[in-house]
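**Q** dropping the sequence and predicted coords here.
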Amino acid sequence: MTMVFLNKEIRDGDNPDLTEERKTATFDTNKMAEVIYGSEKLARRRREISQAVSLIPELADSKPLPFLSRNEKILESTRKVTALNEHLPRLINMNDEDEAWHIHSEVIGFEGNPLALHHSLFIPPLVIQGSDEQHEKWLGRAKRREIIGCYAQTELGHGSNIRKLETTATYSLSTQEFILHTPTINALKWWPGALGKSSNHAVVVASLIIKEQNYGPHLFMVQIRDEQSHEPLPGIAVGDIGPKMAFNGADNGFLGFNNFRIPRGNLLNRHCNVEVDGTYVRPPHDKMNYAGMIRVRSRMAAEQGTFMAQALTIAVRYSAVRRQGFLENKSQEVKVLDYQTQQHRLFPAIARSYAFIFCGFETIQKYETLQNEMNSGNVSLMADLHALTSGIKSVVTYQTGEGIEQARMACGGHGYSMASYISEIYGCAIGGCTYEGENMVMLLQLARYLVKSVELAMRGKPGDLGPMVAYLAYPDIKVDLVTGPEAYVKMFQHISKRQSIKATEKFHRKMESGVSRDEAWNQCAVELTRASRLHTRLYIIETFIRRVDSIEDLSIKMVLTDLMNLHLNYELLDVASYALEDGFMSSTQMGFIKNQLYSSLEKIRPNAVSLVDSFQFSDLQLRSNLLNFLFQVLGRRDGHVYQNLFEWAKSSPLNQTEVLPSVTQYLKPMMEKAKL
Ligand SMILES: CCCCCCCCCC/C=C\CCCCCC(=O)SCCNC(=O)CCNC(=O)[C@H](O)C(C)(C)COP(=O)(O)OP(=O)(O)OC[C@H]1O[C@@H](n2cnc3c(N)ncnc32)[C@H](O)[C@@H]1OP(=O)(O)O
Ligand SMILES: Cc1cc2nc3c(=O)[nH]c(=O)nc-3n(C[C@H](O)[C@H](O)[C@H](O)COP(=O)(O)OP(=O)(O)OC[C@H]3O[C@@H](n4cnc5c(N)ncnc54)[C@H](O)[C@@H]3O)c2cc1C
């Protein structure tokens, strides 16, 4: 049996323009997939899972998703996810989170589903913050999906500033219970995914009050609906918050408590506790209750890199079959992918996708190390990883949004159609700028760390700087970019260091002039966020270089070196003004970077389609379903775009009848009236 999307496979029925592209590749896409996903086994497992899913009709979309109403979307996503649940044990290793993520994205797509957060935001805090006894009570049930849960932290009035959450959990000494209460409208939980209509449990974040003292946000396991009737329990108001920019197959919700009582044992108490007599037992780190957020953020680089990669797969394949205009040969119009502007739009974003995925693997590993350390009581890595993931989360979500939007524009008019699927990917990815910590807020968290590090360096204590910020104490030595990646890193280090120092000095000057610390911070905030972005971009560059250095296969190393060089030149050009400003970079060097960038575009051109093929997204994943719908979309592997766009349009519900009520009720009478 042939795999549905082996990327080097050349098939007779494919659009010849795409076949031609695949023949020019200088490397094997299966080998590249091994590098992208980390090993031969992981890449192969993804293909096997995609293949298995493609053979199960009930896991296919029953209609093109953009034609569904919100209710239909929720019904359809729930149908698919519950059908998938039945097949899961046979299709994936149930303990492997990557396999689970992959299969869900195959089947569900970007619309979201009522179980998405059960696995990514309900179970993980239970694992991290729950005691063994609590795992015994809820974890098995949750994993078996006997209960469905969500993570309810954000409120109508507060999302970023968690310390000001207004939902209270007041300890009652007499009954040894917590009383959950929503004192105002603003205190309603608002946004949690799957809360609105699907969940019957929630991990609720509420301010812990004992004997009138507020101990700040803590996590509580709360049953919100009856397990039989699914009706909200007395004392609970819960519902859906309405349609959103994307994720409309999920029911983000609101939740209010009216003096709702839960047992003392429902405070997740692996790291902190409230004893029977109301004694509070502190966690080993002040922000221990925020550990779950570090976990989610640590996964965002790889996640967002994959979102962007999907949009680019669609745009690059389409650009190789779309012919418009002429270059030298006037007898045949060119593939739009041959235009330098098109390449400049798409190729740096391909490089960023690879960079984010490589960087993502490193941050996920760092989180796993942190988790192991935390389990044995060592919390010393938390501050570093919080700073790092705050920056990465902010930079990758923003740049992914930019990359997807460029992919859409690169598809011209058809990119604007929902048949391209790019708008759905964009809506989902761009949510990442907001959820899991608003980007500016998170950049300012990293800035705190950078300012402290600069202060250490200024105080002559460079030995106290962690490895990620050691460069803040390096001397400035001019570099010759011709010598290669290390010189680019040094140039970037100079830029990043200078901005961190400038922002810190400005902050100090403000305070010395009598401005309060908080006000001074606010007056320097733009400069501080610039420092955070530069530091993060430097880190991403370094992870890219490390990954390419580690590759043994020569053909893969060569094409990834081209991609890495493109990344280095594109990133440096983007921030060159910082180095031109103090003369660290000369205008000759600037010219060199531009020329290197243009030459990288040319080098990548013959490999462009295969670089996106290497992500090995199935047509199903790109919502070009092989079984039921042979007519969607722009990114289909076989490149047969036009006839399928026409089929797509014909299937629009508006075309099921020739004359719409809008015409008979309004337009027709208007025209008739005009004739009188
Ligand atoms: C291809 C696949 C397709 C698949 C399709 C489906 C795709 C699905 C994708 C997923 C989709 C949707 C998922 C959506 C999930 C969304 C979930 C959420 O959004 S949950 C809610 C998240 N909320 C936030 O992130 C809130 C952000 N705010 C904060 O984190 C905090 O309030 C704050 C950090 C900004 C400030 O906290 P505060 O307590 O006020 O802290 P201080 O300012 O007083 O002190 C800062 C101090 O503490 C240190 N700190 C802060 N946080 C941490 C931490 N986590 N760990 C360690 N240390 C921390 C900080 O460094 C400071 O230290 P100083 O030494 O004082 O400088
Ligand atoms: C798709 C999606 C899914 C979500 N899922 C969940 C979920 O499952 N569970 C959950 O609990 N929550 C969820 N959320 C909520 C999300 O975590 C919050 O919306 C997010 O943390 C931002 O908080 P906010 O809405 O209060 O924004 P605000 O903080 O009100 O942001 C508004 C503006 O104020 C600025 N701002 C705020 N504070 C500062 C500051 N200190 N310094 C400088 N500028 C500042 C911000 O930069 C932003 O420009 C979800 C949100 C979305 C969009």
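**A** It's in. These numbers were taken from a predicted model, which means no experiment stands behind them. Ligands and ions are numbered 1, 2, ... in the order given.
**Q** show me the strands in this structure, by range?
**A** 149-152, 168-172, 177-181, 189-190, 201-210, 213-223, 236-240, 253-257, 260-263, 273-274, 280-281 (DSSP state E).
**Q** quick one: the fourth one to chain centroid distance?
**A** In this view, strand 189-190 has its centroid 22 Å away from the chain centroid, taken as Cα atoms, centre = their mean, to the nearest Å.
**Q** same thing with the fifth one?
**A** Centroid displacement of strand 201-210 relative to its chain, using Cα atoms, centre = their mean, is 27 Å.
**Q** just to revisit the earlier point, which one of the strands of the chain lies closest to residue 411?
**A** strand 236-240 (32.7 Å; Cβ to Cβ). C-beta coordinates here come from the backbone N, C-alpha and C atoms, glycine included.
**Q** who does that closest one pair up with?
**A** Strand 236-240 sits in its sheet next to strand 253-257 (antiparallel), going by DSSP bridges.
**Q** what residues does the partner strand touch?
**A** Here strand 253-257 makes contact (Cβ atoms under 8 Å, 6 or more residues apart in numbering) with 150, 152, 156, 167, 180-182, 187-192, 194-197, 199, 202, 204, 224, 235-241.
**Q** residues of the chain that sit close to ligand 2?
**A** 117, 121, 151-154, 158-160, 191-193, 247, 252, 431, 434-438, 440-441, 444 (Cβ under 6 Å from any ligand atom).
**Q** now a PyMOL select for only the buried ones of those residues.
**A** Filtering the residues of the chain next to ligand 2 down to the buried ones (16 or more other Cβ atoms under 10 Å) takes a single PyMOL command:
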select buried, resi 117+121+151+152+153+154+158+159+191+192+193+247+252+431+435+436+437+440+444
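**Q** on that earlier part again, as JSON lines, the strands of the chain with mean pLDDT and distance to ligand 1 would be great.
**A** Below are the strands of the chain laid out as JSON lines (pLDDT from 0 to 100; distance: least, Cβ to the nearest ligand atom, whole Å):
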{"stretch": "strand 149-152", "mean pLDDT": "98", "distance to ligand 1": "6"}
{"stretch": "strand 168-172", "mean pLDDT": "98", "distance to ligand 1": "17"}
{"stretch": "strand 177-181", "mean pLDDT": "98", "distance to ligand 1": "18"}
{"stretch": "strand 189-190", "mean pLDDT": "98", "distance to ligand 1": "11"}
{"stretch": "strand 201-210", "mean pLDDT": "98", "distance to ligand 1": "8"}
{"stretch": "strand 213-223", "mean pLDDT": "98", "distance to ligand 1": "7"}
{"stretch": "strand 236-240", "mean pLDDT": "98", "distance to ligand 1": "16"}
{"stretch": "strand 253-257", "mean pLDDT": "98", "distance to ligand 1": "13"}
{"stretch": "strand 260-263", "mean pLDDT": "98", "distance to ligand 1": "21"}
{"stretch": "strand 273-274", "mean pLDDT": "98", "distance to ligand 1": "19"}
{"stretch": "strand 280-281", "mean pLDDT": "98", "distance to ligand 1": "17"}
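**Q** deepest-packed of those, please.
**A** When the strands of the chain are scored by mean count of other Cβ atoms under 10 Å, the highest mean neighbour count falls to strand 149-152 (a mean of 30).
**Q** name the helices or strands packed onto that one?
**A** The helices and strands touching strand 149-152, judged by 3 or more Cβ pairs under 8 Å, 6 or more residues apart in numbering; DSSP states H and E, are helix 116-117, helix 123-129, strand 201-210.
**Q** appreciated, that's everything.
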